[in-house]
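*Asks:* Need coordinates for the below:
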Amino acid sequence: MEITTKPHAAILSSPGMGHLIPVVQLGKRLVDYHGFLVTIFIVASNESSDQSQLLQLHTYKNSLEIVEFPAIDITNLVEPDAKFVTRLAVVMREAVPALRSAISTMKCPPSVLIVDLFGTEALCLAEEFKISKYVYVATNARFLSFSLHVPTLHELIKGEFVDQKEPLKIPGCKPVRPEDVVDPMLDRSNQQYCENLRICKQLPLGDGILLNTWQDLEAQALVSIQNVQVYPIGPVVRPVKPDGLKGEMLCWLDKQPTESVLYVSFGSGGTMSVKQITELAFGLEQSQQRFIWVIRNPVENHSDASFFSTGKEHDDDPPSKYLPDGFLTRTKELGFIVPNWAPQVEILSHRSVGGFMTHCGWNSAMESIVNGAPMIAWPLYAEQRMNATLLTEELGVAVRSEVLPTKAVVGRLEIEKMVRMIMEDKQGKGPRERVKELQYRAKNALCEGGSSYNALANAIKNCCNK
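*Replies:* Residues are numbered from 1 along each chain as shown. Next comes the predicted model:
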């Protein structure tokens, strides 16, 4: 990058598409609307080929650069069976020296350091370089309020959180059910519990927290957050690529009636057991609703841990190998099967798509709302159970199964019922009406003068005046 008088933001992102996508979109917003130079630092990862494709962008309008640090070997730093959060936290900790070196050699020194949720240990570098510092939490206010309260809950509650008989009280928010507690808090004896507790304690150490929500989406939860400056700047989502949909899928979608197709996808980590795939297949077929199903190879066991797998137990198996006999033939005109990956934003934005069965990752939830698609909540891991509760019980834009998909197999009859509830809601009296309203509000929040536009502008003003 050439030397310039433009403000410069250095952003540290955790590896993985779920973290990198909202960071890149934040960087683009800083470039497009606030005249920044942006350098995004990311640790190399073998987790997803999608990340490698995104990193190939390298620059954006000559003002956004992505710098990839070499992969970090943590074999000798964690146990072989270390949980996902432990591994990610250790990787980010080990990346701090590389970030320090990179910042110190920049021709255009940054005026602000922004780190994501797992990069809080790098906030100390802002003190060294005497620049502003922010934490970017790419999820909702309810999750943030809960996270800020975790150190207090750690002291107040004895024993495991999931064993509590009463919901956990969170200041200003609806209580969190024990079964909705985030995965890292399920076992106090596990290292990921300690890592999560450390992160929650470090969240308030920045000059503020950027949050992927908007003011009137979670007004009460935002008011409840005390002793830390929060800037609700969302929804931060990927834009639709003009050529993102093409070929056979586009031709099929173009032939379908408006809002008649259910999009089914559970994210890059959303794997299922063969039994659950079977029940989902029959549920979709029995509903007689059109669908696009992004299907990943199954795992052997139906458990929480399985959803951090990539399904490599059947890595070379085509969908016909594990789908019910005759399913592909019987649903040939009704559905469209896509192995492993599909252009999600482009699909959700298509006029024919009218619903989304989702794992409730916050990126996906925001993309669904922005495109006006009501949801079937199918939470799998991390904070997704909390997200599902927010989407169904507070925002009213989703329905969900009676049992958690991670605890039991959801049967075909219940799946059929949920699909019909979403796709046959044509009178605008339920989730469809509510999501259309939120779609409109989200657009207004992002416009110049809107609440989210102003929130990011205020954060920039405060960091540049420090």
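*Asks:* Kindly list the longest helix within the chain.
*Replies:* helix 17-34 (DSSP state H).
*Asks:* Could you identify the helix or strand that succeeds it?
*Replies:* strand 37-43 (DSSP states H and E).
*Asks:* okay, the angle between that following strand and helix 17-34?
*Replies:* Relative orientation of strand 37-43 versus helix 17-34 (axes from the mean of the first three to the mean of the last three Cα atoms, to 10 degrees): 170 degrees.
*Asks:* Quick check: neighbours of strand 37-43 in the sheet, parallel or antiparallel?
*Replies:* strand 8-13 (parallel), strand 64-69 (parallel) (DSSP bridges).
*Asks:* packing partners for the host helix or strand of Arg434?
*Replies:* Applying DSSP H and E as the criterion places Arg434 in helix 431-446. With contacts taken as 3 or more Cβ pairs under 8 Å, 6 or more residues apart in numbering; DSSP states H and E, helix 431-446 sits against helix 362-370, helix 412-423, helix 451-464. Where C-beta positions appear, they are placed from N, C-alpha and C, glycine not excepted.
*Asks:* One more pass at 10 Å, please.
*Replies:* Where contact means 3 or more Cβ pairs under 10 Å, 6 or more residues apart in numbering; DSSP states H and E, helix 431-446 is packed against strand 353-358, helix 362-370, strand 375-377, strand 398-400, helix 412-423, helix 451-464.
*Asks:* which parts of it are buried?
*Replies:* Pro431, Arg432, Arg434, Val435, Lys436, Leu438, Gln439, Arg441, Ala442, Ala445, Leu446 (16 or more other Cβ atoms under 10 Å).
*Asks:* cool, and stretch 221-229?
*Replies:* Quick answer for stretch 221-229 (16+ other Cβ under 10 Å): Ala221, Leu222, Ser224, Ile225.
*Asks:* same check, this time on stretch 340-360
*Replies:* 342-350, 352-360.
*Asks:* Wait, a helix at Thr86?
*Replies:* Yes: assessed by DSSP: H, G, I helix; E, B strand; the rest coil, Thr86 belongs to a helix.
*Asks:* which ones are touching it?
*Replies:* If you count contacts by Cβ atoms under 10 Å, 6 or more residues apart in numbering, Thr86 has them with Ile74, Leu77, Val78, Glu79, Pro184, Asn190, Gln191, Gln192, Tyr193, Cys194, Glu195, Asn196.
*Asks:* out of everything not next to it in sequence, what's closest to the fifth one?
*Replies:* When the adjacent residues along the chain are set aside, Pro184 lies closest to Asn196, with 3.6 Å between them (Cβ to Cβ, 6 or more residues apart in numbering).
*Asks:* so what's the one you found up against?
*Replies:* Asn196 touches 83, 85-86, 89, 117-118, 147, 150, 154, 182-185, 190, counting by Cβ under 10 Å, 6+ apart.
*Asks:* could you redo the last one with a cut-off of 7 Å?
*Replies:* Val85, Pro184, Met185 (Cβ atoms under 7 Å, 6 or more residues apart in numbering).
*Asks:* Select from the buried residues of stretch 221-229 every entry located in helices.
*Replies:* Applying DSSP H to the buried residues of stretch 221-229, the entries found in helices are Ala221, Leu222, Ser224.
*Asks:* As PDB, could you dump the C-alpha coordinates of the helix holding Arg434?
*Replies:* Only the C-alpha atoms of helix 431-446 are listed here, as PDB (Å, rounded to 0.1, in the frame of the first residue of the first chain):
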ATOM      1  CA  PRO A 431     -42.600 -15.500  10.500                       C
ATOM      2  CA  ARG A 432     -43.000 -14.400   6.900                       C
ATOM      3  CA  GLU A 433     -44.700 -11.100   7.800                       C
ATOM      4  CA  ARG A 434     -42.200 -10.400  10.600                       C
ATOM      5  CA  VAL A 435     -39.100 -11.100   8.500                       C
ATOM      6  CA  LYS A 436     -40.300  -8.800   5.700                       C
ATOM      7  CA  GLU A 437     -40.700  -6.000   8.300                       C
ATOM      8  CA  LEU A 438     -37.200  -6.600   9.600                       C
ATOM      9  CA  GLN A 439     -35.800  -6.700   6.000                       C
ATOM     10  CA  TYR A 440     -37.200  -3.200   5.500                       C
ATOM     11  CA  ARG A 441     -35.700  -2.000   8.800                       C
ATOM     12  CA  ALA A 442     -32.300  -3.500   8.100                       C
ATOM     13  CA  LYS A 443     -32.100  -1.600   4.800                       C
ATOM     14  CA  ASN A 444     -33.000   1.600   6.500                       C
ATOM     15  CA  ALA A 445     -30.400   1.100   9.300                       C
ATOM     16  CA  LEU A 446     -27.600   0.800   6.700                       C
END
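*Asks:* domain ranges for this protein?
*Replies:* If you go by automatic domain parsing, the domain ranges for the chain are 8-238+447-464, 247-441.
*Asks:* Using a markdown table, please lay out the ones you listed together with mean pLDDT.
*Replies:* A markdown table is the format used below for the domains of the chain (pLDDT from 0 to 100):
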| stretch | mean pLDDT |
| --- | --- |
| domain 8-238+447-464 | 92 |
| domain 247-441 | 90 |
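*Asks:* Break down the protein into its strands, ranges please.
*Replies:* 8-13, 37-43, 59-60, 64-69, 112-116, 132-137, 208-211, 230-232, 261-265, 290-295, 335-339, 353-358, 375-377, 398-400 (DSSP state E).
*Asks:* so can I have a markdown table of those showing distance to Glu424?
*Replies:* Listed next are the strands of the chain as a markdown table, based on distance: least, Cβ to Cβ, whole Å:
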| stretch | distance to Glu424 |
| --- | --- |
| strand 8-13 | 40 |
| strand 37-43 | 43 |
| strand 59-60 | 42 |
| strand 64-69 | 43 |
| strand 112-116 | 39 |
| strand 132-137 | 36 |
| strand 208-211 | 35 |
| strand 230-232 | 34 |
| strand 261-265 | 11 |
| strand 290-295 | 12 |
| strand 335-339 | 17 |
| strand 353-358 | 10 |
| strand 375-377 | 13 |
| strand 398-400 | 12 |
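*Asks:* Nearest to Ser452, out of those?
*Replies:* Taking Cβ to Cβ, strand 230-232 is the member of those nearest to Ser452, at 6.3 Å.
*Asks:* Other residues contacting the closest one?
*Replies:* With Cβ under 7 Å, 6+ apart, strand 230-232 has contacts from 141, 208-211, 213-215, 222, 452, 455-456, 458-459.
*Asks:* now swap in stretch 432-439 and tell me
*Replies:* Here stretch 432-439 has contacts from Leu217, Ile369, Val370, Gly372, Ala373, Pro374, Leu395, Gly396, Val397, Asp425, using Cβ under 7 Å, 6+ apart.
*Asks:* ok, which stretches of the stretch 151-300 of the chain are helices?
*Replies:* Secondary structure of the stretch 151-300 of the chain (DSSP state H, counting those that start in this stretch): helices located at 191-202, 219-224, 247-254, 274-287.
*Asks:* Next, the angle helix 412-423 makes with the last one.
*Replies:* In terms of direction (the same axes, to 10 degrees), helix 274-287 departs from helix 412-423 by 50 degrees.
*Asks:* quick one: contacts of helix 274-287?
*Replies:* The contact list for helix 274-287, computed with Cβ under 7 Å, 6+ apart, reads 291, 293, 298, 302, 322-324, 327, 330-331, 335, 409-412, 415-416, 419-420.
*Asks:* So for that helix, what gets flagged as buried?
*Replies:* Under 16+ other Cβ under 10 Å, the buried positions of helix 274-287 are Val274, Gln276, Ile277, Thr278, Glu279, Leu280, Ala281, Phe282, Gly283, Leu284, Glu285, Ser287.
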